[in-house]
Every structure is written in structure tokens, then in C-alpha cells.
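Colleague: how would this look folded up:
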Amino acid sequence: MEKLLEILEEIQPDTDYENCETLIDDGILDSFAILSIVSELQDEFEITITPSQVIPSNFNSAKALWAMVKKLQAER
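Modeller: Sure, this is the predicted structure:
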């Protein structure tokens, strides 16, 4: 989770990722940020994120993102 938070901070600083659960709903992450996050997560964690997984429920919080990463790692 620590590496995920580092990635998020690099892409979109000044956000409380540990407590915010409305990153998409409140427009904190825009489409460019989401594409950057997908790319970084795929490279860092050696996973593949498909377009069907790029949904608000997977990107609304760092916890949701981490759950998706762990799930995709388990499926490798």
C-alpha cells in the first residue's frame, strides 16, 4: 500500500489518499490522472488492468485501488 500511495502522490499531490473515498465522485482524479495511475500500477505491480476494471468503484479510494491490485496479483 505504501508504494501505491507514493504513486498517487506523484501523479496528484496534495490529496489525502488515506482518508478520501470519493476521488472520482468529487473529481479529484481526472481522466489523465486515471490513465497515469493505470500505467504506473501496471508497471510497478506487474498486473494488467483492463478497460472494464477502470470504473469509479475501483478508483474512488486508495483502499479500493489496493484491493484491485491485490486481486489482479492473485489472478496472475
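
Colleague: you'd agree Ile24 is up against Phe59?
Modeller: Yes - in this structure, Ile24 is within contact of Phe59 by Cβ atoms under 8 Å, at 5.2 Å. In this view, the C-beta of every residue, glycine as well, is placed from N, C-alpha and C.

Colleague: what is in contact with these two at once?
Modeller: Taking Cβ atoms under 8 Å, 6 or more residues apart in numbering as the contact rule, Ile24 and Phe59 both touch Ile34.

Colleague: where's the residue nearest to the spatial centre of the chain relative to Pro56, distance?
Modeller: The centroid of the chain falls nearest to Leu65 when counting by Cα atoms, centre = their mean (4.3 Å). Applying Cβ to Cβ, to the nearest Å, the value for Leu65 to Pro56 is 12 Å.

Colleague: so who does the residue nearest to the centre of the chain touch?
Modeller: 4, 8, 37, 41, 58-59.

Colleague: just the ones of those residues in strands?
Modeller: Among the contacts of Leu65, none falls in strands (DSSP state E).

Colleague: of those residues, closest to Lys70?
Modeller: Closest to Lys70 out of those is Leu4 (10.1 Å), distances taken as Cβ to Cβ.

Colleague: tell me, how many residues neighbour that closest one?
Modeller: 19 (other Cβ atoms under 10 Å).

Colleague: the closest residue to it other than its chain neighbours: neighbour count?
Modeller: The shortest distance from Leu4 to any non-neighbouring residue, by Cβ to Cβ, 6 or more residues apart in numbering, is to Trp66 (5.5 Å). Per other Cβ under 10 Å, the neighbour tally for Trp66 reads 16.

Colleague: how about the helices in this protein?
Modeller: Assigned by DSSP state H, the chain shows helices spanning 2-11, 31-45, 56-59, 62-75.

Colleague: out of these, flag the one nearest Cys20.
Modeller: Ranking these by proximity to Cys20 (Cβ to Cβ) places helix 62-75 first, at 7.7 Å.
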